[in-house]
Structure formats: C-alpha cells, structure tokens
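Engineer: whatever this is, show me its structure:
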Amino acid sequence: MAGLKKKRRIRLVIIGFVLIAIASLLVGFGFREGVAFFRSPSQVAESAPAPSEIFRIGGLVEEGTLVRSGETISFAVTDGGASVPVVFTGILPDLFSEGTGMIATGTLVGGTFQATEILAKHDENYMPKEVVDALKEQGVYQPDAQ
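Structural biologist: Numbers count the residues shown, from 1 in each chain. All right, here's what the predicted structure looks like:
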C-alpha cells in the first residue's frame, strides 16, 4: 500500500513538472512576438538587424530632413553619432516635429527604417529614458534648465 502511494506521488510530481514546462514554453512563444528591443541609430549603424526583426529606434528627428508627401512621411533620426532614414505611412502625433525626441517601432529594410508606429514626447520636458541614455552615451544630451 505504501508503494502505491509513493508511485502516485511521483507521477503527480512528474506531471506537474511537465505542465510547468509546457506553460513556460507557451509564455515564451507568446512574448517572442510581442517584445521589441530598443536600439539607437549608432547601434543600428554598427550592426544592422535582420530585415525580419521588429525593434524600436529612438533619438531626435534630424533638422531639415522631414519630408511629407501625402500620408507618407520620411525623416532621419539621430543620436548625434549616426543617422538612420525613417519612412512612415500614417498620421503622426501632434507634437512630432524636427529636433524633438521620438521612438518608432518597425523593421530595417535596405538601410531604411520602415516604421509602423511613432511615439513623440508628450510635453516639452519629457524624453523617453532609452533616448536620453543613447544621447548621453554620444555626449549630445543637454538637460533642460528649469
């Protein structure tokens, strides 16, 4: 009788581990599609990601590069060290302009970042942490005096 209880307990423990492993794999596959890593323009210039990789790029919209033609907008994003051309089709945020901080999500195709989403700073004092860190690394960041 004691041997039977021991076998049942071992089976339950094994089944529990198998279920935890399956759940972990499902969560991992689910996150794989939803995670977009941040890269600065300098990092993109150093080592270009695969064309199928979705990632975020951020920095400042380079002065004099913003061109609108219908719903398609093209511009360059820079961190002071490198510049990456960006193309976006859609409606830009109201606060999007040259010289302001932004983050875009998309893919790099033929050296041009094809953006599917663009986020701009929400007021004159905010800049995403990733963008600030990338600009500080390049020695370009200048905090606003308040």
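
Engineer: next, the distance between the ends of stretch 68-88.
Structural biologist: In stretch 68-88, first residue to last residue: 10 Å (Cα to Cα, to the nearest Å).

Engineer: what's the mean pLDDT across that stretch?
Structural biologist: Mean pLDDT, stretch 68-88: 89.

Engineer: okay, and the residue lying closest to Glu53 once chain neighbours are set aside sits in which element?
Structural biologist: Sequence neighbours aside, Thr107 is the residue nearest to Glu53 in space, at 6.6 Å (criterion: Cβ to Cβ, 6 or more residues apart in numbering). No exception for glycine: its C-beta is placed from N, CA and C like everyone else's. Element membership for Thr107 (DSSP states H and E) is strand 101-109.

Engineer: domain map for the protein?
Structural biologist: As assigned by automatic domain parsing, the chain contains the domains 1-35, 37-138.

Engineer: out of those, deepest packed?
Structural biologist: Stretch with highest mean neighbour count among the domains of the chain: domain 37-138 (a mean of 16; mean count of other Cβ atoms under 10 Å).

Engineer: now that one: how far from the chain's centre is it?
Structural biologist: Here the centre of mass of C-alpha atoms in domain 37-138, compared against the chain's by Cα atoms, centre = their mean, to the nearest Å, lies 10 Å away.

Engineer: residue boundaries of the strands in this protein?
Structural biologist: 37-39, 55-61, 67-69, 72-78, 83-89, 101-109, 112-120 (DSSP state E).

Engineer: please save the CA atoms from stretch 100-116 in PDB.
Structural biologist: The C-alpha trace of stretch 100-116 is given here as PDB (Å, rounded to 0.1, in the frame of the first residue of the first chain):
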ATOM      1  CA  THR A 100      12.200  66.600 -30.900                       C
ATOM      2  CA  GLY A 101      12.600  63.200 -29.300                       C
ATOM      3  CA  MET A 102      10.800  60.200 -30.700                       C
ATOM      4  CA  ILE A 103      10.600  56.400 -30.700                       C
ATOM      5  CA  ALA A 104       9.500  54.400 -33.700                       C
ATOM      6  CA  THR A 105       8.700  50.700 -33.900                       C
ATOM      7  CA  GLY A 106       9.300  48.800 -37.200                       C
ATOM      8  CA  THR A 107      11.900  47.000 -39.300                       C
ATOM      9  CA  LEU A 108      15.000  47.900 -41.100                       C
ATOM     10  CA  VAL A 109      14.700  47.300 -44.900                       C
ATOM     11  CA  GLY A 110      17.600  48.200 -47.200                       C
ATOM     12  CA  GLY A 111      19.100  50.700 -44.800                       C
ATOM     13  CA  THR A 112      15.800  52.500 -44.200                       C
ATOM     14  CA  PHE A 113      13.700  52.000 -41.100                       C
ATOM     15  CA  GLN A 114      10.100  51.200 -42.100                       C
ATOM     16  CA  ALA A 115       8.100  52.500 -39.100                       C
ATOM     17  CA  THR A 116       4.700  51.100 -38.200                       C
END
